[in-house]
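In: Have a look; sequence and predicted model below, questions after that.
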Amino acid sequence: MFNKSEKKELKKIYVKSAQVIDSVTSKNGAILASPKNRRYPYMYPRDTMLISRVLLEIGQTAKAKKTLEFVLSLVNETGEWSQRYTQDGKPASYRPSQVDCNGLVLFMVNKYYEQTKDISFLKKHWNEVYLGMRFLEEHYIKEEQLVFSMNSIHEWPPMEAGFEIWANVCAYSGFKAAVNIAKLLNKTEDMRHWAKIEKELAIGIMTRLVHDGRFIKLTNNVNIFDADISELGMYILELLPADDPIVKKTANYIEKKLYDKDLGGIKRHVEKYGRPGRNNGGYGPYSMYTGWMAQYFLDNNPKNAKKYFDWFIKHNKNGLIPEHISTKESFLNWQNEAKTIGRYYKNGRSEEAKKVMRTKDFIENDTAYWVVPLTWGHAEFMLAYHKLVKLKLI
């Protein structure tokens, strides 16, 4: 599958990925989304929980536990985890409630228990689990059998406000996790209550958020049937296997519509949803989602996974992985749009853009590398590489 040179490069990226994660992990367990000198010097619960799932999978249990305990300590009195926090745990959110974050935290609590059988951990953190579930319940609309959210994985209300796939899949995983935790701790009343909602939510997802045999992005007053990487959520959170017919059709549709024919890799959504000025750094493939596709095909059709590893081989910078890349033309189009609508000078965009424009890749190769390195991208590569090793393909 890989020649000697490719194997060496993939191993180098894996080693560097571990170093990157270690370098942005604080003593308190906080994992920053990027180094402090890049655009995301914050701890995002979404990124952090998905990174922690990788740490558990590759056997770094103690690190995952410390990070999970730090995140659990941040839940507020309403049961919410904010969009992001400073390194020492102070809220730094500028987005509406992140419903998916609650589901991801609860998913990880249960996943940690499943791997360690540490019942004392569940007992210690029952209050945080209970608060987190109360917040999820507040967003569950019984008449719709779905969770309502203002934004989700892309943090973009115009395309995510409503009954959105990622938020609902995360909520479903959270309810499943909480039911199991409540059962283990003999919280019978809570278990029965949450199990009822879990069942209803499963029905809602499989009826309202499936169309033509595949998952869709959003159902609301207007449905969004276009391809979006978040539609792969049921596989990513281990709720359906890679060979499930709906998952297979969804993954194939995503690949057909979002694979970048010029740059390789997978884009996060159809370009129109990021216009004008929302496709930060230009429209192109994302590292973490390219990693998801590599993982998926390793579990279903390994030969098709190679092109996603080829993307990492081609686009790492001395082992460092960008958040995403784009052509110079796409970058400049975004820059012009973002300036016109007033987004360019907010939240570190202009500072990151200046760094991009000084690079040799941008000046000589007409390619923009946005936020190098991105911690989450490194983690998803590590999980994909780990699967390669388990399958003895490298």
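Out: Received the coordinates, thanks.
In: Strands of the stretch 201-350 of the chain, start to end?
Out: Remark: strands assigned in the stretch 201-350 of the chain by DSSP state E, counting those that start in this stretch are 210-211, 214-215, 218-219, 266-267, 285-286, 324-327.
In: next one: the third one to chain centre, how far?
Out: Centre-to-centre, strand 218-219 and its host chain are 19 Å apart (Cα atoms, centre = their mean, to the nearest Å).
In: What residues of the least confident helix or strand in the chain by mean pLDDT count as buried?
Out: The weakest-scoring helix or strand in the chain, judged by mean pLDDT, DSSP states H and E, is helix 157-160 (a mean of 94). Buried residues in helix 157-160, counted by 16 or more other Cβ atoms under 10 Å: 159, 160. For glycine as for every other residue, the C-beta is placed from the backbone atoms N, C-alpha and C.
In: Please name every helix or strand in contact with whichever strand or helix holds residue 15.
Out: Using DSSP states H and E, residue 15 sits in helix 4-23. With contacts taken as 3 or more Cβ pairs under 8 Å, 6 or more residues apart in numbering; DSSP states H and E, helix 4-23 sits against helix 306-315, helix 375-390.
In: So which of those helices is nearest residue 42?
Out: helix 375-390 (10.9 Å; Cβ to Cβ).
In: For the least confident helix or strand of the chain, output the C-alpha coordinates as PDB.
Out: C-alpha atoms of helix 157-160 as PDB (Å, rounded to 0.1, in the frame of the first residue of the first chain):
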ATOM      1  CA  PRO A 157     -25.800  29.500  12.700                       C
ATOM      2  CA  PRO A 158     -26.900  30.400   9.100                       C
ATOM      3  CA  MET A 159     -26.400  26.800   8.000                       C
ATOM      4  CA  GLU A 160     -26.800  25.000  11.400                       C
END
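In: What is the burial count for residue 94?
Out: A count of nearby residues for residue 94, using other Cβ atoms under 10 Å, gives 10.
In: orientation of the helix holding residue 15 relative to helix 306-315 in degrees?
Out: Interaxial angle, helix 4-23 versus helix 306-315 (axes from the mean of the first three to the mean of the last three Cα atoms, to 10 degrees): 70 degrees.
In: Next, count neighbours for the closest residue to residue 314 other than its chain neighbours.
Out: Distance criterion Cβ to Cβ, 6 or more residues apart in numbering; nearest residue to residue 314, sequence neighbours excluded, is residue 264 at 6.8 Å. Counted with other Cβ under 10 Å, the neighbours of residue 264 add up to 19.
In: right, and residue 264 touches residue 312 too?
Out: No: between residue 264 and residue 312 there is no contact under Cβ atoms under 8 Å: 9.5 Å.
In: Which neighbours do the two have in common?
Out: residue 290 (Cβ atoms under 8 Å, 6 or more residues apart in numbering).
In: follow-up on the earlier one: name the residues that touch the least confident helix or strand of the chain?
Out: 96, 149-154, 167, 217-218, 224, 269, 273.
In: Let's see that with 7 Å instead.
Out: 96, 149, 150, 151, 152, 154, 218, 224, 273 (Cβ atoms under 7 Å, 6 or more residues apart in numbering).
In: Identify the residue nearest the first one in space, chain neighbours excluded?
Out: Nearest in space to residue 96, with sequence neighbours left out and distances taken as Cβ to Cβ, 6+ apart, is residue 150 at 3.8 Å.
In: Considering the contacts of helix 157-160, which possesses the most neighbours?
Out: residue 152 (29 neighbours).
In: distance between the ends of stretch 37-54?
Out: Using Cα to Cα, to the nearest Å, one end of stretch 37-54 lies 24 Å from the other.
In: same check, this time on stretch 386-394
Out: 10 Å.
In: Buried ones in it, by neighbour count?
Out: For stretch 386-394, by 16+ other Cβ under 10 Å, it's 386, 387, 388, 393, 394.
In: neighbouring contacts of it?
Out: So stretch 386-394 is in contact with 1, 2, 7, 10, 57, 58, 295, 298, 302, going by Cβ under 7 Å, 6+ apart.
In: Also stretch 241-251?
Out: Residues contacting stretch 241-251 (Cβ under 7 Å, 6+ apart): 210, 213, 214, 215, 231, 232, 234, 235, 240, 296, 299, 300.
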